[in-house]
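>>> Generate coordinates for the sequence data below:
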Amino acid sequence: MNLEAIKQTRFFSGLPDALIERLLENADCLMLETGEVLIAEGSLPDGFYVVLDGDFEILKLSGGRNFAVSTSGSG
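The predicted structure follows:
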């Protein structure tokens with residue numbers, strides 16, 4: 001994972017490089033295809049995610065259908 005890309009995000013922008021580098025030692029980089037599910041509603045979290053490129057939707061399952069609650073992008 002790229003230190004400079006992570007530093008551009010709002011969440012990490014004020015942290016010292018050494019701290020970000022330490023966090024990155026335990027990080028995994030995921031690349032998802034359009035429509036692929038990252039976290040399913042009701043599942044237990046196993047970490048946190050930083051979107052470096054692209055957009056994502058937060059969906060709510062209701063009546064057997066998914067409804068978009070929010071859409072967001074990188075950062």
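>>> Would you state the helices of the chain in chain order?
3-7, 17-24 (DSSP state H).
>>> looking at those, which is closest to G47?
In terms of C-beta to C-beta, the element of the helices of the chain nearest to G47 is helix 17-24, at 11.0 Å. C-beta here means a position set from N, CA and C on the backbone, and glycine is covered the same way.
>>> one step back: arrange the helices of the chain in TSV, one row each, with distance to E57 and mean neighbour count as further columns.
Supplementary listing: these in TSV, determined by distance: least, C-beta to C-beta, whole Å; neighbours: other C-beta atoms under 10 Å:
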stretch	distance to E57	mean neighbour count
helix 3-7	22	13
helix 17-24	26	12
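>>> For those helices, give me TSV that also has mean pLDDT.
Below are the helices of the chain laid out as TSV (pLDDT from 0 to 100):
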stretch	mean pLDDT
helix 3-7	88
helix 17-24	92
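>>> For the protein, which residues score under the pLDDT cut-off?
Scanning the chain for pLDDT under 70 picks out 1, 75.
>>> hang on, the earlier thing: for the helices of the chain, which one sits closest to S72?
Judged by C-beta to C-beta, the one of those that comes nearest to S72 is helix 3-7, at 17.0 Å.
>>> Now tabulate the helices of the chain in CSV and tack on distance to L30.
Shown next, in CSV, are the helices of the chain (distance: least, C-beta to C-beta, whole Å):
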stretch, distance to L30
helix 3-7, 14
helix 17-24, 14
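>>> Relative to T71, tell me which of those wins on proximity.
Of all the helices of the chain, the one in closest proximity to T71, counting by C-beta to C-beta, is helix 3-7 (21.2 Å).
>>> That concludes my questions; thank you for your assistance.
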